[in-house]
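Enquirer: I would like the atomic coordinates for the input below:
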Amino acid sequence: MEVRLMQTARFTELPQASSLPSIHQLMQEHSLYDRRLETLRAKVYLTEAEKMEEVRLKKMKLHLKDEMERLRRLGAPSPEN
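Expert: Numbers count the residues shown, from 1 in each chain. Next up is the predicted model:
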């Protein structure tokens, strides 16, 4: 999900809009992570691997949320529109 700037000899340009994920795609991925987190939260005991997964999922959700906000600021259409 990382957007990188493409360097050329003269200038830096943004990637084509078509190569960026849509807010809708990011929302779907965010929802998948949230559902998995809810499954983990329902457990009485988490293994060490599940604890690590929980932390990783929370970070990924936060990254997606930040990315969705960035796309909104760039004027990307949101699913509500």
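
Enquirer: now the strands: where do they sit in the chain?
Expert: 6-7, 12-13 (DSSP state E).

Enquirer: Go through those and find the least confident stretch.
Expert: Mean pLDDT is lowest for strand 6-7 among the strands of the chain, at a mean of 45.

Enquirer: Leaving out the residues flanking it, which one is nearest to E53?
Expert: Distances taken as CB to CB, 6 or more residues apart in numbering place L40 nearest to E53, at 6.9 Å, with adjacent residues excluded. (Glycine included, C-beta is placed from N, CA and C.)

Enquirer: residue contacts, the one you found?
Expert: Neighbouring residues of L40 by CB atoms under 8 Å, 6 or more residues apart in numbering: 46, 50, 53-54, 57.

Enquirer: Just those: which are in helices?
Expert: 50, 53-54, 57 (DSSP state H).

Enquirer: Closest to P21 out of those?
Expert: L57 (18.1 Å; CB to CB).

Enquirer: thinking again about what came up before, just the buried members of the contacts of L40?
Expert: Neighbour-count burial (16 or more other CB atoms under 10 Å) applied to those gives 54, 57.
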